[in-house]
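Peer 1: give me a model of this one.
(one chain, ligands or ions: 1)
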Amino acid sequence: MWADRRLLDLFDVDHPIVQAPMAGATNPELVATVCEQGALGSFGAASTAPEKLREIILQIRERTERPFNINLFSAHTEEFDRSARPGQALQATLESFHDEFGLDAVPEPAPMFGPAEEQLDVLIEASVPVISFHFGVTAETVVRAKQNGARVLCSATTVAEAGLLEQAGVDAIIAQGAEAGGHRGTFDGPWTQALIGSMALVPQIVDAVRVPVIAAGGIMDGRGLVASLALGAAGVQIGTAFLACAEAPVASAWRQRLFDAGADQTRVTEALSGKPARGIVNRYVSTVEELGEPLLPYPAQYSLSRRLRKRAAEQEDADFMALWAGQGVGLAKSPAESPNSTIGAAEFVQQLITEAQALSRSLTDNA
Ligand SMILES: Cc1cc2nc3c(=O)[nH]c(=O)nc-3n(C[C@H](O)[C@H](O)[C@H](O)COP(=O)(O)O)c2cc1C
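Peer 2: Numbers count the residues shown, from 1 in each chain. Predicted coordinates for the structure are as follows:
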């Protein structure tokens, strides 16, 4: 069915499709549903405590015997500066938002992710079939992660990063274009220089490395899949489109924004987490950006809004959530017969495959 078998053989899957790991927006149900369709389901574990991660892996294995991927942002816990405090304007803004929601004091900055070293131990002990990283990975970590046979992947946002990852020994590289939703994987150099669209990034990385390249960013349907393969990618990693699927554990208000937003309503911002990430602009993001005050480093900046975001999710208020989404958001699928309802992940994977095959045939027929 697929001419390029590199990812199929690497992961032991039927289709060159990876459902992106999305910390806080994936669950065993979504992962296993995708795996059962012969694609690679991924769980975003950056914010999952090691004990909980063990349970998640068991829950995935209860639902599927097929290979799956677990992702950490990094194999090393981010350094956390306990003395960092928000500036006056940011503090006052956060207090006024807390007042609006009837919340008490703005929380002190606190660590949010990891401990990454223990999370990775859990993945290795459990012989997780595929382990991916987002903010770079060292050769030592790749060797460690592979010790029980895992395939190891990592995102790159420039050709130079892809070269570093190849040297580190990864099995495949995710070329994350500027269109992508969620955090930028940039780990080497300024992120503002690493906002390279997939159409330009993917073929340049393909030409620069020998390992398979997985295109990510803006791929929403069979057209994006075929285009990525034409650029030389061995497969695709898709986030935003899976976020809109029924199994994804996202608040209804977030999902509704996915259906309502157009490509011009997202932007890469550091305002939410302290690291660049693409999401739909809402009141929280635009207000914090307009303050023009220096932000706290990641993840301290992210931790400042944790109570607000929790309360906003409970109250389905999309103006105070982290509405991560990519520029492809205007193509988020809802079944034609009932607009704004959700499509299941299994149906979505099948649509991708059917569309891609029909499109490939039509391109050849017309040649
Ligand atoms: C809600 C959301 C959360 C994400 N979280 C992660 C994550 O935890 N780890 C990771 O490697 N990538 C994460 N990403 C980025 C994806 O891996 C991928 O690069 C991106 O979704 C591809 O672009 P697309 O959203 O246009 O499909 C996230 C993306 C989204 C939309």
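
Peer 1: up against the ligand, what does the stretch 51-200 of the chain have?
Peer 2: 71, 134, 155, 176, 179-183 (C-beta under 6 Å from any ligand atom). Yep, even glycine has a C-beta here, placed from its N, CA and C like the rest.

Peer 1: can you name the residues in contact with the longest helix anywhere in the chain?
Peer 2: If you go by DSSP state H, the chain has its longest helix at helix 345-365. Here helix 345-365 makes contact (C-beta atoms under 8 Å, 6 or more residues apart in numbering) with 1, 15, 17, 19, 30, 33-34, 36-39, 221-223, 225-226, 229, 238, 241-242, 245-248, 333, 343.

Peer 1: which pair in the residues of the stretch 51-200 of the chain next to the ligand spans the largest distance?
Peer 2: Asn71 and Glu179 (19.2 Å; C-beta to C-beta).

Peer 1: for Asn148, list the residues it contacts.
Peer 2: 124-125, 127.

Peer 1: er, Leu153 actually
Peer 2: So Leu153 contacts 69, 130-133, 170-174, 214 (C-beta under 8 Å, 6+ apart).

Peer 1: quick one: contacts for the closest residue to the ligand within the stretch 251-367 of the chain?
Peer 2: The stretch 251-367 of the chain approaches the ligand most closely through Gly326 (2.6 Å), counting by C-beta to the nearest ligand atom. Gly326 is in contact with 179-182, 217-218, 239-240, 266, 278, counting by C-beta under 8 Å, 6+ apart.

Peer 1: Leu103: which of those residues is nearest?
Peer 2: Closest to Leu103, out of all of the contacts of Gly326 and judged by C-beta to C-beta, is Gly182, at 25.9 Å.

Peer 1: just the pLDDT at the closest one, thanks.
Peer 2: Gly182 is assigned 98 on the pLDDT scale.

Peer 1: go on, Pro294?
Peer 2: Pro294 is given a pLDDT of 92.

Peer 1: neighbours around the residue nearest to it when sequence neighbours are not counted, how many?
Peer 2: Leaving aside its chain neighbours, Pro294 sits nearest to Gly87 (6.5 Å; criterion: C-beta to C-beta, 6 or more residues apart in numbering). By the criterion of other C-beta atoms under 10 Å, Gly87 has 14 neighbours.

Peer 1: I'd say Gly87 and Gly292 touch.
Peer 2: No. Contact between Gly87 and Gly292 fails when scored by C-beta atoms under 8 Å: they sit 9.8 Å apart.

Peer 1: low-confidence ranges in this structure?
Peer 2: 335-340, 366-367 (pLDDT under 70).

Peer 1: again, only this time at 80
Peer 2: For the chain, residues meeting the criterion pLDDT under 80 lie at 333-341, 365-367.

Peer 1: re the thing from before, take the contacts of Gly326 and keep only those in helices.
Peer 2: Counting by DSSP H, the contacts of Gly326 place Thr240 in helices.

Peer 1: so which of the contacts of Gly326 are in strands?
Peer 2: 182, 266, 278 (DSSP state E).
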